[in-house]
Structures are given as structure tokens and as C-alpha cells.
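Trainee: With the input below, show me the fold.
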Amino acid sequence: MPNKFAQIVSEGIAAVPAKFLKKLSNVSIVIEKRPTPAQAKILHLRQGLILFGLYEGVPQTRRGPGYSGVLPDKITIFQEAIEAAGRDEEDIKKIARNTVWHEIAHHFGMDETRVREAEARRRERV
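Mentor: Numbering: from 1, shown residues only. Take a look at the predicted model:
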């Protein structure tokens, strides 16, 4: 399902309102099967913990006048975890879409608590 999963993630990105997509700055969204050993070590991931996505970079709210000439921020979507958690293709699409939103929120400077609160509000509207 590699090409299919890439399409699912692309659909998740496309579902983000244009007003937010236009404001993405110096960020790359990639798909990996699972976290690298280095990512797992930095995050102190224990066996059995599930990670759907990861934002690595400097959030827009922390970029100052000296922010230039840096590598792009990176949003990684982890395929194996999402596919394992999804009951069917529609569920996988939902998890991928929510993960994309979640990690983009980090890019805009939201901490984990604020992201989860925003996710709860979004679920209430749906």
C-alpha cells in the first residue's frame, strides 16, 4: 500500500484549509515506515508506544529576525503505525488526516495541550 498511503497523506494535506496551507513556511512533509532509532531515542519512545507523526523544526512562533538559511522543518507521517491502528481504509484516511493536522499545528507553534484542545473542538463540530 505504499503508493496508496502516499495518496492518503496527500488527501489529508489537501483537507487542511487553504488559509493554513498558504502560511506553511519552510516545511517538508514526508512519509516513513516507522521512527528512526535516533527519533525514538530523542523521544524516549518505549516499546509498544505508537507514534503516528512527528514535527521536527522551529515553530513559526519561535522564528525571529535571524531565521534564515536553515534546512526545512520536517513533518514525518509514520505509515506502519497508522495502518496498524486503522480498522479499514476509511479509518486509515481519518487517522492520517488527523495526524497531518496535528503536526501542522505544531509547525504553527501550538504545544501538545493546545493541539489536543483544538482537535477536541474540531471533533465537536464534525
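
Trainee: So which bits of stretch 114-121 are buried?
Mentor: Val115 (16 or more other Cβ atoms under 10 Å). All C-beta atoms are positioned from the backbone trio N, CA, C, and that covers glycine.

Trainee: Residues contacting it, please?
Mentor: 98, 101-102, 105-106, 110 (Cβ atoms under 8 Å, 6 or more residues apart in numbering).

Trainee: Tell me which helix or strand the residue positioned nearest the centre of the chain sits in.
Mentor: Nearest to the geometric centre of the chain sits Glu103, at 3.1 Å (Cα atoms, centre = their mean). If you go by DSSP states H and E, Glu103 is part of helix 89-107.

Trainee: residues of stretch 58-76 that come out buried?
Mentor: Going by neighbour count (16+ other Cβ under 10 Å), the buried part of stretch 58-76 is 60, 63, 73-76.

Trainee: Over to stretch 40-55?
Mentor: Taking 16+ other Cβ under 10 Å as the criterion, stretch 40-55 shows 51-55 as buried.

Trainee: which residue ranges form the strands in this protein?
Mentor: 27-32, 53-56, 73-78 (DSSP state E).

Trainee: can I get those in CSV with distance to Ser10 and mean pLDDT?
Mentor: Formatted as CSV, those follow (distance: least, Cβ to Cβ, whole Å; pLDDT from 0 to 100):
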stretch, distance to Ser10, mean pLDDT
strand 27-32, 9, 96
strand 53-56, 15, 95
strand 73-78, 11, 96
